[in-house]
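In: next one to model:
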Amino acid sequence: MLEPKPEPPAQPSGPLLNLRNNVALKIGEPVSITFPGTGNEAIRMVVTAVERDPECPGDPMWYLPPENGEFVQLQIELTTSDDYLELMAGKEPLSLYWNDWFGIDAGGDPIDNTPNGFGCHDVDAQIPQKIPDGETSTGPFVLDLPPGTTKVMWQPTYIYGVDYGFEWDISKI
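Out: Numbering: from 1, shown residues only. Below you'll find the model as predicted:
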């Protein structure tokens, strides 16, 4: 009599998450957020470059020095589908809120960001605060983090079905 073949292990249904409940990414690797059940991409974001202590050419009236020690500038390219607002709480456009972003220190502990990075660039030079549907937006997004921060982490709020975050290693930058 033949023995039944064992079932193969179940494949994870979502992204591979690390101990902080984040998807670990490399600079230039895209974040892809899809509609549940369809797999159609709704939001695609790429951190294309990172710079520590960037120049801050914005209006000096709005400039505040980094409270945590240094600015870390992410160059972001963000593309949304025509119908991505269906994923958003209240069907409101995605906003890159400063308090959805954190640093991670060498020991793996999260570090709070502050809003001081917003004064680094004029508003029209930054990635838009509200991301329109069906468009690609690009620009800098500046975090206020301590020197020696090894990773940056985005834990978006208000996106249905996304209960995890994303992180990028910046230890070599």
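In: quick one, strands of this structure?
Out: Counting by DSSP state E, one finds strands in the chain at the ranges 22-25, 30-34, 41-52, 70-80, 94-95, 101-104, 110-112, 130-131, 136-145, 151-154, 165-169.
In: run through the neighbouring helices and strands of the fifth one.
Out: In other words, strand 94-95. Here strand 94-95 touches strand 130-131, going by 3 or more CB pairs under 8 Å, 6 or more residues apart in numbering; DSSP states H and E. Any C-beta I mention is one placed from the backbone N, CA and C, and that applies to glycine too.
In: so in that sheet, which strands flank the strand it packs on, and in what orientation?
Out: strand 94-95 (antiparallel) (DSSP bridges).
In: let me see the mean pLDDT of the strand it pairs with.
Out: Mean per-residue pLDDT for strand 94-95: 87.
In: can you list the neighbours in contact with it?
Out: The contact list for strand 94-95, computed with CB atoms under 8 Å, 6 or more residues apart in numbering, reads Ile43, Leu78, Thr80, Tyr84, Met88, Gln129, Lys130, Ile131, Pro156, Tyr158, Ile159.
In: number of nearby residues for the residue lying closest to Asp53 once chain neighbours are set aside?
Out: Distances taken as CB to CB, 6 or more residues apart in numbering place Glu70 nearest to Asp53, at 5.4 Å, with adjacent residues excluded. Glu70: 17 surrounding residues under other CB atoms under 10 Å.
In: how close does Asp133 get to Leu94?
Out: Separation of Asp133 from Leu94 (CB to CB, to the nearest Å): 9 Å.
In: quickly list what's touching both of the two.
Out: Thr80, Tyr84.
In: the two - which one has more neighbours?
Out: Leu94 (25 against 16).
In: so the more buried one bridges to which residues?
Out: With DSSP bridges as the rule, Leu94 is bridged to Ile131.
In: what's the burial count for the residue lying closest to Lys151 once chain neighbours are set aside?
Out: Spatially, and ignoring its direct neighbours in sequence, Lys151 is nearest to Ile104 (3.9 Å; CB to CB, 6+ apart). Neighbour count for Ile104, taken as other CB under 10 Å: 22.
In: contacting residues around Ile104?
Out: Arg20, Pro110, Ile111, Thr149, Thr150, Lys151, Val152, Met153, Glu167.
In: hmm, 7 Å instead?
Out: Neighbouring residues of Ile104 by CB atoms under 7 Å, 6 or more residues apart in numbering: Pro110, Ile111, Thr149, Thr150, Lys151, Met153, Glu167.
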